[in-house]
Each structure stands twice: as C-alpha cells, then as structure tokens.
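Novice: Model the following, please.
(chains A and B)
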2 protein chains.
Amino acid sequence: LDTEKQPIFIKTVVQYMHPLFSSIRLDKAQSQPVYLQLTTHLSSLIKEGQLVTGSRLPSTRQMAELLGLHRKTVVRSYDELLAQGWLESRQGCGTFAAGHIPRLKIKSFSPKHQQSEALHTAGFIFDRMAHLDRKVVNPALSLHLDDGYPDARLAPLTELSRAYRTQLLTGDSYQKLGYANAQGSLWLREELARHLNDTRGLNITAEHVLITRGSTMGLFLACTAFVRPGDQVIVGSPGWLGAEANFIQAGASLIRISVDENGVQIDELEEICKKKTVRMVYVTPHHHHPTTVGLRSDRRLKLLQLSEKYGFIIFEDDYDYDFHYQSKPLLPLISADQSGMVLYCGSFTKTISPAFRVGYLVAPTNVIQQLTKLRRVVDRQGDSMLENAIAELLQSGVIQRYMRKSVRVYRERRDALSQLLKSELGDYLNFQIPDGGMAIWANFTNDIVLPALADKAYTRGLQISDGLIYNSPLCTHNAIRLGFASSTVSEIAGAVEIMRHLIKK
Amino acid sequence: LDTEKQPIFIKTVVQYMHPLFSSIRLDKAQSQPVYLQLTTHLSSLIKEGQLVTGSRLPSTRQMAELLGLHRKTVVRSYDELLAQGWLESRQGCGTFAAGHIPRLKIKSFSPKHQQSEALHTAGFIFDRMAHLDRKVVNPALSLHLDDGYPDARLAPLTELSRAYRTQLLTGDSYQKLGYANAQGSLWLREELARHLNDTRGLNITAEHVLITRGSTMGLFLACTAFVRPGDQVIVGSPGWLGAEANFIQAGASLIRISVDENGVQIDELEEICKKKTVRMVYVTPHHHHPTTVGLRSDRRLKLLQLSEKYGFIIFEDDYDYDFHYQSKPLLPLISADQSGMVLYCGSFTKTISPAFRVGYLVAPTNVIQQLTKLRRVVDRQGDSMLENAIAELLQSGVIQRYMRKSVRVYRERRDALSQLLKSELGDYLNFQIPDGGMAIWANFTNDIVLPALADKAYTRGLQISDGLIYNSPLCTHNAIRLGFASSTVSEIAGAVEIMRHLIKK
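Specialist: Now for the predicted structure:
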C-alpha cells in the first residue's frame, strides 16, 4: 500500500471523511474478527454510495488512528477489500474505492430476525404439521408412554459403533468414502433380501431393494414419483398423519376410509373405485397406526384383487413387522402380489432407534431403478458407512439376536402395561391387547379430557400424547397410543401410577 | 390339530387330492425354510382356487408322508396357515381351507426379473441422468484425475470416528437416539453459524441454518418449495448437470446463459428479465462449475440488484469456498444480500468426503422454517450422531486445522498438475490455473477425442472423464475437469505420464 506517501493530502481527505468513518462501530467482543467487521463496514459504505467510487481512502495509518485500531488490522482489512475488488490500488497514488461498482439501494436489514418478504408465499403447504411438531419427548421428563418407539438401551450399540468405525477407518478411503450407488450399499441390500425372504415369504434379490432414510423417505419417493396433483389417494381413518403430510405435499386428493377391528374397510374402497380413479392406497396391514389392528386375510386378498382390477398402487408400510408376540403374523401383502402393484416399505427405525435413518423399499426392478434416479436428486446417496455397518450386523446375526431379545422383553412390557391399565384404570379406559407392535391404543371414557390430562402429567414428569394427532376430519377419538416398548416394567408402573393419581383425584 | 381322528375319510381325500399336493416342489437347499416354502405353496393353492374354500386338508401325518417331510415341518406350516387365516380348524372335524377367501387370478410371476407393467409410465423424468450414472471411479483403477473431490486420506477420520462413538454410546439413549429436530442438530447449527460468520462475513445465528444431506438436498428442498412446473430457472452454460437434474425434475423451464472468464454473463440475464418472469438463478460464484472461474464483483452486485428489481431467487451454491490458494476470496453473495432473496448452500462433501452427507442452507428465518417442514416429509431428520460429531470437531478446531492443512497440500498438488500439464502436454491443451477449488478445467485441442482418450486411459489404470457431462444444448467443449486434490504429487505425475503416452503416441 502506497497511501503513506502523501500525508498532507490524505490528512485533508481524512478530515473531510471523518464523519463517515467515525460512524463505524467495531466490537472486539464479537466472534467475527475486527478486521472482518471493518471490511464489512467499508464495503457497505461503497455499496451504499456514501464512499463514492473513485474516491481515495485514508492511509492505513490514518484509519488506524481514527478508529483506535492496530495498523496491522487495517492493513489486513484493506488487503481483503483489494482482493474482493471493492478497492483499487494505483501505484504511487494510494487506495481508491473501485470504479466498476454499481450502487445498491440499502434497506433496513436485521439479519438476526430477518424475514424474507419476497419468499413468504411459496413453500410448504401442509398446515397440520404443527401437530407433528409438538414435542413428544422432553429431556427433563423421566417417564414417557410414547407413540411406540423401541428401547435403544437394548440395542447393540457397541457392536454398531465398532462396525461403523471399521467401515470408516479401514480399506481404501477414496473408494469407501467417495460417491456411492444411490440405490444403497449392495452388501446391505443382499443381507436385507435374504432377511426378508427368510421372514416375510418373499423371493427377492438385491435388485428389488432401494435403501432409504427410514420409511418416511420411502413414502416421499413413492409420492414424488407416482402421485400427481389431484390424484386420489386412499388412507385409513384414523391413520398416520406423517403419511397424510406426504400425500398432501404431493398435491393428492385424500380420501379417508373407515377402520374397524379387522383393519381398513375394503368394501368402502371398492365403492370408491367404482366411481373414481384411485392412484394409490396407503395401508399398514400388520398393525394399523394408530389403532394397532391387523388387516384380516380376506380383506388383504380383496385389496390385491381390487388393485389388479382398478390399477391402483398399494403402498404397504410394514414398519413393525418384526414385533409380534402371539401367533406368527400374516405375511405382507407383497408376498402375494401377482401384478407388481405393491410398494413394500420397512425400516430399522422401529428395530434399532429413530436416529438410525435406514429403511428400505421393495418393488419390481423397473420401479426400483426409477426411484433410485429420483433419490439421486433428493440427497445423492445414503450413509454408506452406516449401511455397511448394519449389513455386517445382519450378516453376523447380531440384529436377529437383538430382535429376538427385544420381542421377549417387549412382550413382558406389553403384558405389564395391559395388566396395570386394567387393574388401575379399568373404569376409565378400554383397549384390545395388541398381538404385536409397541403401543396400546387406549380409548378413554368421555369425561376424561386428554389434552388436560397430558398437560397435568407433563408437570408430574410423565409425557403422554394429547391425542390431537390421532384425530382426522372423518373421526375424532378420545384415545391415545401408550407405547410400552421404550420403558421398563418399573417405569411403566411409575407412569400408570401418575395417570391413576391424576384421573382418580 | 384334530385331523388325525378320521383316518379313513382323510385317506380318501388325500388320494383325491394327491395330484394337487404332489405338484408341490420343496427345496431344502433354498435359504427359505421348508415349512415356509410349504406354507407359500398351500396358500397359493387356496388363492388360486385349486384348493376349494371349505375343503378339508390331509392330516399333518398324511401330508408329511405324501411329501416326504418330517411331520413337525408340516405341523409348523399348518400352524402358520391357521395363524394367517388361510386355514380354519373345526373342533373334532379337521382342518379346512378357510371360507372367506376370495379368488385371485394367477399370473406368471418371476420375481427375480419382475417388471411392473402397470407402473412403468410414471416416475423420474430426467433422461440425461445416464451421464451422471457413468462410473467416475473404478475400484480396480489405481489412478484418477476426478471431477474435483477431496482426499479423505488427509481427513481427521480417527477424531470423527471417536466423536461419533461418543455420541452413540454416552448420554441418555432415549433422548439422543430418538426423533430429533428436522432442522438439524442445534449444536452443529451454532458452530456453523459461528464458522460462517468468521469466514464469510455473515451475521447469522442457528435460526438461519438448516442442516441438509449435502448441497444436493439443499437444492432439492429449494426446488420443491419454490419452483413450480413451468417456472423459468437460469443456469450458466456450461454448468453442473446435477443442478440441472434437480430443476428439470421440479418441472422448471431451463434458460442457459453464457459463462466467460468472469463468470456467468449478468447482462444476458438482464435481457431475459426484461422479457420473462425469472423465478430462480442458480450460481456458483466462488468457482463456477465446471470452468472454475470466479464471478467478478461488479457482476455480483448487478446480480443482487436485478434480483431485487425483478424478484427472482438466487441459489448460491458455495460448495468449495474453503479452498482458495491465492488471494482472499470474495465474500459470498449472501453477505451483501439486502432483500432476503439469496439461498446460500454449502457442504462438508468437499471438505471431508462425499460419503459424509452433511451440508447446510442459510436463508431468512421464515424460509428456513418452511424448508424444515418440507425436509420433515422427505426423510424426517438428519443423522444426529454424525451432525453432533462434526459439531464437536468444529468446536474443538479439528476441522479448521484440517482445512488449513488441506489447503496447503492441495495448493502443492494444483501447482504440480499445472506444471506437468504445461511441460508434458502444453501443445495439446490449455487452461487457466484456478485460484481455488480442486480441479483444473483443461481445454484440449480438437484433434484429441476425449471419449477415446478416456477409454484408453481406463485400460491403463487411469480414470479421467470423457467430458460428456460438461456439454449442454448451448455449448459443447473439448474439455474436462482434472481434479488434483485427491491424488498425491506422485500419483498426479503417474496420471499425466499415462496421458502423455496416449496422446503423443
């Protein structure tokens, strides 16, 4: 910088400019370094046109004096501004505000709470999302009867952590940590195909599997690929709001059909098919969410028959197939699908824990190929280290052993919760003991106001649902899901005791 | 099971049914257990109507004899079919095909290569994706000059693995491994806000940040939320095909503008704005992909000015900001955005490695809130363990130290590749030495056929691009990106030697 050479002229400029620069406020306590703060201030003056383009700046020494800074700080800032093109240095003449800068009209700009006026109209269209955003779990609360989550305390986390570490640290890092197949780890797809063939009566290979980030992404990909705005999509009511959110976001026209003790009413579906073109039917045949009922075998076959006749897609969300405590469960719909209309979706969310966003879609190969291309634009690929780590635990049988253990433990917890609800609260609620899954669907008598109960329980250290997310335009319930899997028997006893105390008081 | 009680009657039935059951083929070598194979066969016979509903089945003993199986296997299969509702047991009378089963017309079904006829018309619409699917890296090849990826061998993988393990194994697993905020780890958002404020002249908080799975998801969320079918979207040409894929998938009408040595031609953009409503402009101002040029400061201000005047969104993809080797880089566009029209996107893909799908969007708070809701239906939430692990390494400065180290190493590699390309291949290609990023944009003379060169190099163990993905309808090049960051100086020398040998031969 050569600005030091004309001290007299500079002095004049500094005096003239003084009010402009002395308005600069720098704060050493900020996380942003002072030289960058100065850089921002000076570039703003140029942008706003207060520091006219072509005008000479004070020397670094003068500026340092003016602002009470070390000269090095100012030099660093000027260098930055020169590099960024805000300033120009002319040999022997000093430093100038650059000549090619157009002016910007300045607005009041408070980045901390900045709201973009221009962008507020577009965006997300699902306004019932607020219900989903309600906190289900609060760290300060020690007890919970949740929507039906697994108990990560039982999960093979040490083995998983070890397997993840192996994936991360061994082998050719360029290969292992580079871009990967958007369809997901081949190893995991092969292990999953074997596991699903063994447990669900399928006859598939890795080609029929797309690894997703939980069943949410499976649903999202299916909606994006197959549901166009205005398409008719059938859901059971009550049903899972998370699925509805995805259909509504895709622009679907939702049609709700009733759910009874044998699952969704397929006769209602048939009547709708006679009048309208149905694009997709969303079902959770193993345990309908939230009511936990299974879809009876005759309805399953009728559903497949209707799909073939009317050409609609069946989205089979089989999120908790691995958890059944009585008889062997019915095989999933896809095991009997003859015409390739079933998209089958599963997840490790309920097997290990929600934080592990690893799930899968099973479908005919041409569908998987299309969905893989779509997945590529969504997030490019999954977490290959985690996918391979889970593959290793499937291959070595660690996950299968863990699942057998959790089925045994969850059965005890289900029985404990059932008995306590009956003995302690039998006059205030009724329920069917579910033959699987992780929650009891508890119908309360009408004198119990669930949002008030949830609020009071919250203050006592127990988190339960207020029931709002289980209501739909078609039906309201005075019911909530009481998850038993993630609490020990004594935690369950503590939770029921709090409910009993609040209800009987 | 009581079917044993009427041996004579059963015998008759068995004889009558014999052809039906003797067609059953069971294979002990299959991974599926024999009892499940039998279950599938019998349920198929019922579904197909060959085993008429209401008809009595052979006893387990008879069936075992007929098929040469252990009786326990048959008992297990019958139990399964009873549980699934295919069979009914009538006290004292035996086991019958259940009465409420509707018939399904059977189709030839070869699941191994099953193609769904009904579903093939919907799905993914971007047909140039094939170019992206071309393998960039082959495990068998030892050398590569790629599109510009980082060198994971330099990355702090041990520290990352340790931090991940801590996240996974310590603390309250119900909290840490449960459902989390779809906006991403608060810890990471706070550390990122600090890091971006320090390095990019921003003044943001965690509220302005949404953690994404790489910049791909940032782009996908922005497209889904803001681009409607038919909307005009501007991209530079040549440009990044991955971004085009996302816009095309969203139904955008793409308009390509030229790119010269100072970045995209903003004057062309202005002419378009005068005639059409532009919804979004996609730019990579720091280093335009693929040509590596920076957007000059006057064009940056003009772009912001036009955005304000014409109301279009600027999507600023700043994928490689941390890698510059000469002067300090220009601050990103968003640092000068006055009207909240810039969506700023960054990623750890180029910082650590592509396998770590952690990136971020910075935008006004109302936009972040909307995009967070949208992200929730896409895949519910990110990987909170990994996000927290990266937060820890940002907080402790491990990532910053690693970035400084890689900038130093990559600069050496850039210089080595530049010198070798000039000395060994100077007659066959020309290029500008990029002041940052991870690749050189090399323009070959017209006598060199790049796809042929890439093929020949491949057989010699060197992977380079064939250049097809860099062409667009507006312009074709005889140029490819030669990434220098992921290869050591001696690997680079080996790669150039192979190219020299092939080209000069």
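
Novice: Model confidence for A:Phe348, exactly?
Specialist: We have a pLDDT of 89 for A:Phe348.

Novice: What sits closest to A:Val496 if chain neighbours are left out?
Specialist: A:Leu420 (4.3 Å; C-beta to C-beta, 6 or more residues apart in numbering or on different chains). Placement of C-beta: from N, CA and C, glycine included.

Novice: do the same with A:Phe356
Specialist: A:Phe348 (5.4 Å).

Novice: Doesn't A:Leu210 belong to a helix?
Specialist: No - counting by DSSP: H, G, I helix; E, B strand; the rest coil, A:Leu210 falls outside a helix, being strand.

Novice: wait, what's in contact with it?
Specialist: Going by C-beta atoms under 8 Å, 6 or more residues apart in numbering or on different chains, A:Leu210 touches A:Gln183, A:Gly184, A:Gly218, A:Leu221, A:Tyr360, A:Leu361, A:Ala363, A:Ile368, A:Leu371, A:Thr372, A:Arg375.

Novice: Can you lay out these as TSV showing neighbour count?
Specialist: Shown next, in TSV, are those (neighbours: other C-beta atoms under 10 Å in any protein chain shown):
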residue	neighbour count
A:Gln183	21
A:Gly184	29
A:Gly218	30
A:Leu221	27
A:Tyr360	24
A:Leu361	26
A:Ala363	28
A:Ile368	21
A:Leu371	26
A:Thr372	21
A:Arg375	28
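
Novice: List, out of those residues, those positioned next to chain B.
Specialist: A:Ala363, A:Leu371 (C-beta under 8 Å from any C-beta of the partner chain).

Novice: Residue ranges in the stretch 101-250 of chain A under the pLDDT threshold?
Specialist: A:101-141 (pLDDT under 70).

Novice: which residues in the stretch 251-400 of chain A form strands?
Specialist: Per DSSP state E, counting those that start in this stretch, the stretch 251-400 of chain A carries strands over the ranges A:253-260, A:263-264, A:278-283, A:313-317, A:342-347, A:359-362.

Novice: can you put these in TSV and add distance to A:Ser487?
Specialist: Shown next, in TSV, are the strands of the stretch 251-400 of chain A (distance: least, C-beta to C-beta, whole Å):
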stretch	distance to A:Ser487
strand A:253-260	27
strand A:263-264	27
strand A:278-283	29
strand A:313-317	25
strand A:342-347	21
strand A:359-362	24
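
Novice: tell me which parts of the stretch 201-350 of chain A are close to chain B?
Specialist: So the stretch 201-350 of chain A meets chain B at A:201-205, A:207-208, A:212-214, A:216-217, A:220, A:225-226, A:242, A:245-246, A:249, A:296-298, A:301-302, A:304-305, A:308, A:311, A:313, A:327-331, A:335-336, A:338-341 (C-beta under 8 Å from any C-beta).

Novice: got the contact list for the residue nearest to A:Val496?
Specialist: Counted by C-beta under 8 Å, 6+ apart, A:Leu420 has contacts A:Ile492, A:Ala493, A:Val496.

Novice: ok, longest helix in chain A?
Specialist: Secondary structure of chain A read by DSSP state H shows that its longest helix is helix A:398-425.

Novice: After that helix, which helix or strand is next?
Specialist: strand A:429-430 (DSSP states H and E).

Novice: who does that next one pair up with?
Specialist: strand A:439-444 (antiparallel) (DSSP bridges).

Novice: List of residues touching the strand it pairs with?
Specialist: A:146-148, A:290-292, A:414, A:417-418, A:421, A:428-434, A:450, A:477-485.

Novice: try 7 Å
Specialist: A:147-148, A:290-292, A:417-418, A:421, A:428-431, A:434, A:450, A:477-484 (C-beta atoms under 7 Å, 6 or more residues apart in numbering or on different chains).

Novice: Now, of the residues you listed, which are buried?
Specialist: Listed as buried from the contacts of strand A:439-444 are A:147-148, A:290-292, A:417-418, A:421, A:428-429, A:431, A:434, A:450, A:477-484; burial here means 16 or more other C-beta atoms under 10 Å in any protein chain shown.

Novice: Count the neighbours of the residue nearest to A:Phe356 for me.
Specialist: A:Phe348: 23 surrounding residues under other C-beta atoms under 10 Å in any protein chain shown.

Novice: Compute the distance between it and A:Tyr410, please.
Specialist: A:Phe348 sits 16 Å away from A:Tyr410, going by C-beta to C-beta, to the nearest Å.

Novice: Kindly report the same for A:Met385.
Specialist: Separation of A:Met385 from A:Tyr410 (C-beta to C-beta) stands at 29 Å.

Novice: wait, is A:Arg76 part of a helix?
Specialist: Yes - under three-state DSSP, A:Arg76 falls within a helix.

Novice: confidence score at it?
Specialist: A:Arg76 is given a pLDDT of 90.

Novice: Tell me, how many residues neighbour the spatially closest residue to it that is not a sequence neighbour?
Specialist: Once flanking residues are discounted, A:Arg76 sits nearest to A:Tyr35: 4.3 Å by C-beta to C-beta, 6+ apart. Look at A:Tyr35: counted by other C-beta under 10 Å, it has 20 neighbours.

Novice: State the mean pLDDT of the longest helix of chain A.
Specialist: On average, helix A:398-425 scores 95.

Novice: tell me which residues in it are buried?
Specialist: So, applying 16+ other C-beta under 10 Å, buried residues of helix A:398-425: A:398-399, A:402-403, A:406, A:410-411, A:413-414, A:416-418, A:420-421, A:424-425.

Novice: Specify the angle between that helix and strand A:439-444 in degrees.
Specialist: Interaxial angle of helix A:398-425 relative to strand A:439-444 (axes from the mean of the first three to the mean of the last three C-alpha atoms, to 10 degrees): 20 degrees.

Novice: Spell out whether stretch A:451-463 and chain B are in contact.
Specialist: No - against chain B, stretch A:451-463 shows no contacts by C-beta under 7 Å from any C-beta of the partner chain, the least distance being 10.7 Å.

Novice: mind checking pLDDT for A:Gln37?
Specialist: Reading off the model, A:Gln37 has pLDDT 86.

Novice: And the one 10 residues further on, by the same measure?
Specialist: The score at A:Lys47 is 72. That number is its pLDDT.

Novice: ditto for the one 3 residues further on
Specialist: At A:Gln50, the model reports a pLDDT of 74.

Novice: Next up, the contacts around A:Lys28.
Specialist: A:Val34.

Novice: ugh, wrong one, A:Pro290
Specialist: Here A:Pro290 is in contact with A:Pro238, A:Trp441, A:Tyr470, A:Arg481 (criterion: C-beta under 7 Å, 6+ apart).

Novice: okay, and for the stretch 301-450 of chain A, where does confidence drop off?
Specialist: Ranges of the stretch 301-450 of chain A meeting pLDDT under 70: A:327-328.

Novice: Find the residue closest to A:Cys345 in space, skipping its chain neighbours.
Specialist: That would be A:Gly218: by C-beta to C-beta, 6+ apart, it lies 4.0 Å from A:Cys345.

Novice: follow-up on the earlier one: starting at the chain centroid, how far to the longest helix of chain A?
Specialist: Put simply, helix A:398-425 sits 27 Å off its chain's centre (C-alpha atoms, centre = their mean, to the nearest Å).

Novice: Tell me who's in contact with the residue nearest to the spatial centre of chain A.
Specialist: With distances taken as C-alpha atoms, centre = their mean, A:Thr216 lies nearest the centre of chain A, 7.6 Å away. Contact partners of A:Thr216, counting by C-beta under 7 Å, 6+ apart, are A:Gly242, B:Val377, B:Asp379, B:Arg380.

Novice: Against chain B, how distant is the nearest residue to A:Thr445 once chain neighbours are set aside?
Specialist: Distance criterion C-beta to C-beta, 6+ apart; nearest residue to A:Thr445, sequence neighbours excluded, is A:Tyr428 at 5.3 Å. Look at A:Tyr428 and chain B: by C-beta to the nearest C-beta, to the nearest Å, they are 27 Å apart.
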